[in-house]
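Let's see this in three dimensions:
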Amino acid sequence: MKKLPKKFPWYKSWARPEKFEDHRIEVYKTCTFFCLLLSWGVPYIGFLFTTGAVVFPVLTIVRYIRNSDRISFSEDKQGGFTSVVITVLVSGFLFFIWGADNHRYNQLFWVMWGAISLTFIIPFFIFSKEYKRKILVAAGYIFCVSFFWFGALCVINIDFDFSVAEEYRVRVVDKHSSSGKAEMYYVTVKPWDGKYGDEDIEVSIDEYKQAEEGDIVTVVQRNGLLRMKWYYLEFR
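Numbering: from 1, shown residues only. Alright, predicted model coming up:
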């Protein structure tokens, strides 16, 4: 009877560091930023560039896990972030501010977010050794991956949604803005479609200036690719 080897060949092959990994990461970072710019600036086919803006950070994460001994997640010598961190954080941050608000989060979203995040977190602890040298590396990696997929799923839910829009006429009851470096603007409207309380909806600064208490506006609501309804205001 043949015995199984102590270490399977695929394990040694997959985890083996390769040459030119820094160059490859830089290419992924450039492609990510290019896709992010076009997904924001090209409205009708932006979903095609959203795909690239998700795929290239994923390739960055996979390559980092595979070559973690040579691509550090921390940059102690230079005192800054590595290209891996920049690629994941920048894309995750933009996805978050583009899609996190104006959603009705459902159970499917939370299950997918947890499952996909774990899919990239667990291999990190199996193949990587960097977290053993610095525990903050593990915490930073978990945060970056979870944050990225939270925003990515929100944007995917919007950009790949081709459902028929539903419109509701509602009354504006208030408006307010958030404080901080990235100021956000919200208009509070009466509930619609079975909602029980007033809802804050993020708007642009021009829409914020236009909205007045008592105005009647239109809430446009769509089902979302992940069956997570999302909505926005139209002033007409």
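
pull the longest strand from the protein.
Ranked by residue count under DSSP state E, the longest strand found in the chain is strand 166-177.

Which strands border the helix or strand following that one, and is each parallel or antiparallel?
On the C-terminal side of strand 166-177, the closest following helix or strand by DSSP states H and E is strand 185-189. Using DSSP bridges, strand 185-189 pairs in its sheet with strand 166-177 (antiparallel), strand 199-203 (antiparallel).

Could you verify that residue 68 is part of a strand?
No: according to DSSP: H, G, I helix; E, B strand; the rest coil, the state of residue 68 is coil, so it is not within a strand.

can I assume it is in contact with residue 130?
Yes: judged on CB atoms under 8 Å, residue 68 makes contact with residue 130 at a distance of 4.9 Å. For the C-beta atoms, the positions are set from N, CA and C on the backbone; glycine is no exception.

middle-most residue in the chain, spatially?
Nearest to the mean C-alpha position of the chain, counting by CA atoms, centre = their mean, stands residue 151 at 2.3 Å.

Residues touching the one helix or strand it maps to, excluding its own?
Using DSSP H and E, residue 151 sits in helix 135-159. By CB atoms under 8 Å, 6 or more residues apart in numbering, the surrounding residues in contact with helix 135-159 are 39, 46-47, 50, 54, 57, 61, 73-74, 85, 88-89, 91-100, 103, 109, 112-113, 116-117, 120-121, 124-125, 130-131, 224-226, 228, 230.

Residue 50 and residue 236, how far apart?
Distance of residue 50 to residue 236, computed by CB to CB, to the nearest Å: 27 Å.

Pick out whichever of those two has more residues nearby.
residue 50 (24 against 6; other CB atoms under 10 Å).

Touching, the more buried one and residue 35? I think so.
Yes: using CB under 8 Å, residue 50 is in contact with residue 35, at 7.4 Å.

quick one: low-confidence ranges for this protein?
Filtered on pLDDT under 70, the chain yields the residue ranges 1-22, 69-71, 74-80, 133, 180-182.

This structure - how does it break down into domains?
Taking automatic domain parsing as the reference, the chain has its domains at 9-159, 166-234.

Surely residue 32 is in contact with residue 58?
No: contact between residue 32 and residue 58 fails when scored by CB under 8 Å: they sit 9.9 Å apart.

So between those two, which is more surrounded?
residue 32 (25 against 19).

Can you point out the helix or strand that includes the more buried one?
Per DSSP H and E: residue 32 is located in helix 21-41.

And for that helix, what's in contact with it?
Counting by CB under 8 Å, 6+ apart, residues outside helix 21-41 touching it are 46-47, 49-53, 56-57, 59-60, 63-64, 67, 70-71, 83-84, 86-87, 90-91, 94, 98, 159.
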